[in-house]
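Student: just coords:
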């Protein structure tokens, strides 16, 4: 799962991403970020900045979604 947010004010030069992937299993944060950057290699030629907000496994992501749902329901 990818979530991409344009944080450039509409000009398309800066983006923030959240990525959830089983491929991150057993990888350190720096390795995960390198994987994301490699996957976006072509796109990086056209944009100014990329912020990787989260790079999580599905198991790491699920508890954060469960707590977000509980907060909304409260």
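Tutor: Here it is on my side, so go on. The model shown is predicted, which means the values in this text are computed figures rather than measured ones. Numbers count the residues shown, from 1 in each chain.
Student: so what's the gap between stretch 23-37 and the chain middle?
Tutor: How far stretch 23-37 lies from its chain's middle: 11 Å, per Cα atoms, centre = their mean, to the nearest Å.
Student: what is the end-to-end distance of it?
Tutor: Distance between the two ends of stretch 23-37: 14 Å, counting by Cα to Cα, to the nearest Å.
Student: ok, now stretch 15-28?
Tutor: With Cα to Cα as the measure, the first residue of stretch 15-28 is 22 Å from its last.
Student: which phi and psi does residue 52 have?
Tutor: Backbone torsions for residue 52, taken as degrees, to the nearest 10, come to phi -90, psi 100.
Student: OK, contacts around it?
Tutor: Contact criterion Cβ atoms under 8 Å, 6 or more residues apart in numbering gives 16-17, 19, 32-33, 36 as the residues in contact with residue 52. Backbone N, C-alpha and C define where each C-beta goes, glycine included.
Student: where's the spatially most central residue of the chain relative to residue 54, distance?
Tutor: When the chain is reduced to its mean C-alpha position, the nearest residue by Cα atoms, centre = their mean turns out to be residue 18, at 1.9 Å. In this structure, residue 18 lies at 4 Å from residue 54, with Cβ to Cβ, to the nearest Å as the measure.
Student: next secondary structure after whichever strand or helix holds the residue nearest to the centre of the chain?
Tutor: Under DSSP states H and E, the secondary-structure element containing residue 18 is strand 14-20. Proceeding N to C from strand 14-20, the next assigned helix or strand is helix 29-39, under DSSP H and E.
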